[in-house]
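> need coordinates for the following:
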Amino acid sequence: MKIYIKNMVCHRCKLAVEAELQQSGYHPTQVELGEATITEDLSTEQLATLDTRLKRMGFELIDDRKSRLVEKIKNLIVQLVHHQTEPLTINLSSYLADQLHYEYNYLSNLFSDTEGITIEKYYISQKMEKVKELLIYNELTLSEIAYQMGYSSVAYLSSQFKKETGLTPSHFKAIKENKRRNIEEL
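The predicted model follows:
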């Protein structure tokens with residue numbers, strides 16, 4: 001049986017969900033971002049119990065097709081922003097449409113209706129969190145960060161960063177306050 005899980009955004013999430021499934025007495029055969037396959041078929045009551053256990057860890061079972069598709073959009077964006085080292089070579093709309101096999105307009109409208117923000121706004125907020133992370137690590141120059149995040153220039157990155165956070169990247173780096181947010185809260 002395949003189950004769909006909201007808020008899985010990283011490898012640690014996969015490990016946590018797999019451990020929870022095993023502790024619940026189930027046998028996961030595959031755990032990926034946003035979904036897991038177990039050998040058992042769960043009753044409605046078992047699904048409710050599992051949902052309660054997952055919610056304690058910040059996850060949630062998803063049961064309708066549209067919510068699963070929105071979660072897939074989020075997972076693709078998180079994967080793209082936080083786990084790939086090379087910038088996207090095609091535009092985001094083409095990437096999402098190719099990956100999910102839907103027209104981008106459908107994906108965009110569904111995402112906006114469900115989440116209350118556009119896909120582009122979600123993508124930008126994810127990129128800003130990644131930029132904050134890279135600034136705090138202090139391992140790359142702003143030019144290197146701009147290249148890695150797919151910005152055409154440092155000026156464009158700085159402009160978008162200031163628009164989203166109210167701070168310039170250099171000011172953010174200088175104050176070194178922890179202004180980062182969990183990516184599942186974006």
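> any chance you could map the helices in this structure?
11-23, 44-55, 65-83, 92-100, 104-115, 119-137, 142-148, 154-165, 169-175 (DSSP state H).
> so which of the ones you listed is nearest A36?
Set against A36 and scored by C-beta to C-beta, those come closest in helix 11-23, at 5.9 Å. From N, CA and C alone the C-beta is placed, and that goes for glycine too.
> in the closest one, which residues are buried?
Across helix 11-23, burial judged by 16 or more other C-beta atoms under 10 Å covers C13, K14, A16, V17, E18, E20, L21.
> related to what we said a few turns ago, could I get the helices of the chain as CSV with distance to G34 and mean pLDDT?
Listed next are the helices of the chain as CSV, based on distance: least, C-beta to C-beta, whole Å; pLDDT from 0 to 100:
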stretch, distance to G34, mean pLDDT
helix 11-23, 9, 94
helix 44-55, 12, 93
helix 65-83, 5, 91
helix 92-100, 12, 95
helix 104-115, 14, 94
helix 119-137, 15, 93
helix 142-148, 25, 91
helix 154-165, 25, 94
helix 169-175, 31, 86
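> out of these, nearest to L33?
Per C-beta to C-beta, nearest to L33 of these: helix 65-83, 4.4 Å.
> now what about the closest one, what contacts it?
When contacts are defined by C-beta atoms under 8 Å, 6 or more residues apart in numbering, helix 65-83 is touched by residues 4, 6, 8-10, 33-34, 62, 88, 92, 95-96, 99-100, 102, 107, 110-111, 114-115, 119, 122-123, 126-127, 129-130, 149, 183.
> and for L80, the neighbour number?
When neighbours are defined as other C-beta atoms under 10 Å, L80 has 20 of them.
> could you find the residue nearest the spatial middle of this protein?
Nearest residue to the geometric centre of the chain (C-alpha atoms, centre = their mean): V78, 3.2 Å.
> tell me how far that residue lies from Y123.
10 Å (C-beta to C-beta, to the nearest Å).
> do the same with L42
In terms of C-beta to C-beta, L42 sits 34 Å off from Y123.
> neighbour count: the two, which is higher?
More crowded of L42 and Y123, by other C-beta under 10 Å: Y123, with 21 against 16.
> I'd say the more buried one and N91 touch.
No. The criterion here is C-beta atoms under 8 Å, and Y123 misses it with N91 at 10.8 Å.
> now the residue lying closest to S112 once chain neighbours are set aside: phi and psi?
With sequence-adjacent residues excluded and distances taken as C-beta to C-beta, 6 or more residues apart in numbering, S112 is closest to T118, at 5.4 Å. Main-chain dihedrals, T118, degrees, to the nearest 10: phi -80, psi 160.
> quick check, pLDDT for T118.
On the pLDDT scale, T118 is placed at 97.
> that one touches F111, doesn't it?
Yes. Taking contacts as C-beta under 8 Å, T118 lies within contact range of F111: 7.1 Å.
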